[in-house]
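> Need a 3D model of the sequence below.
(2 chains)
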2 protein chains.
Amino acid sequence: MLLLIDLQRAIDHPGWGIRNNPDAEKTVADLLAHWRGKKWPVIHVRHDSKDPTSPYFPGQSGNDFKPETAPLRGEDIIVKRTNSAFIDTDLEARLRRYPALVVAGVITNNSVEATVRMAGNLGFDTWLVEDASFTFGRKDWDGVWRSAQEIHAVSLANLDGEYCTVIRSDELLPRG
Amino acid sequence: MLLLIDLQRAIDHPGWGIRNNPDAEKTVADLLAHWRGKKWPVIHVRHDSKDPTSPYFPGQSGNDFKPETAPLRGEDIIVKRTNSAFIDTDLEARLRRYPALVVAGVITNNSVEATVRMAGNLGFDTWLVEDASFTFGRKDWDGVWRSAQEIHAVSLANLDGEYCTVIRSDELLPRG
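Residues are numbered from 1 along each chain as shown, chains lettered A, B, ... in the order given. Got it, this is the predicted structure:
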């Protein structure tokens, strides 16, 4: 099962700042093509923000899936209203049919991390693709600026071995 | 509701490395004394590790509550087996009776963060006491060493305003 999180046009809003992994969408597209070729299941998670000022708020273009990784007709879509894709959705029940879960999407330290933490704690065999996820720079609680890659790297360290296994896409994709 | 997470002797094991907030147990004890004086509810979460090599594994002294913040007779104890205190416990049902949730304990970026993320996503009005929690230094995913305070500060930044409100204990305690 490939679970793609919040890959909507909203993530291109300039208000987010500077991101890492500029090729992540291409990598997700490669994963999707591989999954589709194998006829393995895919779930696209769409974030419908409850905040009218969010670019993820429904009813405007930011809520649309990014075209390069958008669902094909017939692929499953789960709509969530908060960070974790397990809250107030049927994701847990859907995943119980599959042996393992591969996660990618945005942003690493928020909806991806919240979802991966729950997936691992719920007992799913969970894998997170480091180069198919990204995040943005921000200040930490002590006021120190942390780059997108620093925030990404701390998030992955929190998750790997405790909630999931962090891997690179080239461990999943055929050599091309 | 004061929710104390994993404050057991295991957290003093030298294998964890160097921590931040050396006065956190004293701060938790002050919060506990205040809560008890007001007869407000307290839940002590105990981690029963599934890993026989963990200092949190049941049946040895590491699993015991730290004496300075241990439950009094009659105070509620919830036993968990994974990071989030909501997984396979009745914590959510218990909390629905109370208007707000104040969290403290260990370690900031693991069981505390997993529990606070779920609390916020489940809709609880959640507060995290920054000086009543602590963590340990570690390498990030890029191999860069991050001090305990850096890991703590990135975790609090991830949580504040998104899953909870981060506060200091002096915002909760009477001026002494």
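
> and A:C164, what does it touch?
Contact partners of A:C164, counting by CB atoms under 8 Å, 6 or more residues apart in numbering or on different chains, are A:103, A:116, A:119-120, A:126-128. All C-beta atoms are positioned from the backbone trio N, CA, C, and that covers glycine.

> Let's see that with 6 Å instead.
Taking CB atoms under 6 Å, 6 or more residues apart in numbering or on different chains, we find A:C164 in contact with A:116, A:120, A:126, A:128.

> in chain A, which helix has the most residues?
helix A:24-38 (DSSP state H).

> That helix: which residues count as buried?
Buried positions in helix A:24-38, judged by neighbour count with 16 or more other CB atoms under 10 Å in any protein chain shown: A:24-25, A:27-32, A:35.

> same question, stretch A:112-129
By 16+ other CB under 10 Å, the buried positions in stretch A:112-129 come out as A:112-122, A:124, A:126-129.

> From those, list the ones also adjacent to chain B.
Contacts with chain B within the buried residues of stretch A:112-129, as defined by CB under 6 Å from any CB of the partner chain: A:114, A:117, A:121.

> Pick out whichever of the buried residues of helix A:24-38 sits closest to chain B.
Chain B has its nearest neighbour among these in A:A24, at 15.1 Å by CB to the nearest CB.

> Verify the stated contact: the closest one with A:E130.
No. A:A24 is not in contact with A:E130 according to CB atoms under 6 Å; the separation is 9.5 Å.

> Next, check the contacts of A:C164 against the helices and list the overlap.
Judged by DSSP H, the contacts of A:C164 include A:116, A:120 as members of helices.

> What is the nearest of the contacts of A:C164 to A:A93?
The closest of those to A:A93 turns out to be A:T126 (CB to CB; 16.3 Å).

> In this structure the closest one contacts A:P99, no?
No. If you go by CB under 6 Å, A:T126 and A:P99 don't touch, sitting 11.3 Å apart.

> thinking again about what came up before, could you identify the most distant pair in the contacts of A:C164?
Farthest pair in those (CB to CB) is A:G120 and A:L128. Separation: 9.6 Å.

> how much space between A:D142 and chain B?
Noted for A:D142: a distance of 4 Å to chain B, by CB to the nearest CB, to the nearest Å.

> what does A:W127 give?
Relative to chain B, A:W127 is positioned 14 Å away (CB to the nearest CB).

> Kindly provide the distance from that residue to B:A104.
For A:W127, the distance to B:A104 equals 32 Å [CB to CB, to the nearest Å].

> Quick check: phi and psi on A:A104?
Backbone geometry at A:A104, expressed as degrees, to the nearest 10, gives phi -150, psi 160.

> what do you get for A:A93?
Torsion angles, degrees, to the nearest 10, at A:A93: phi -60, psi -40.

> That one: neighbouring residues, count only.
Neighbours of A:A93 under the rule other CB atoms under 10 Å in any protein chain shown: 8.

> A:W40 now?
The number of residues near A:W40, taken as other CB under 10 Å, comes to 12.

> Not counting its own residues, what contacts whichever helix or strand A:I151 is part of?
In this assignment (DSSP states H and E), A:I151 forms part of helix A:148-159. Helix A:148-159 has contacts (CB under 6 Å, 6+ apart) with A:18-20, A:108-109, A:113, A:116, A:130, A:135-137, A:166, B:109, B:140-142, B:154.
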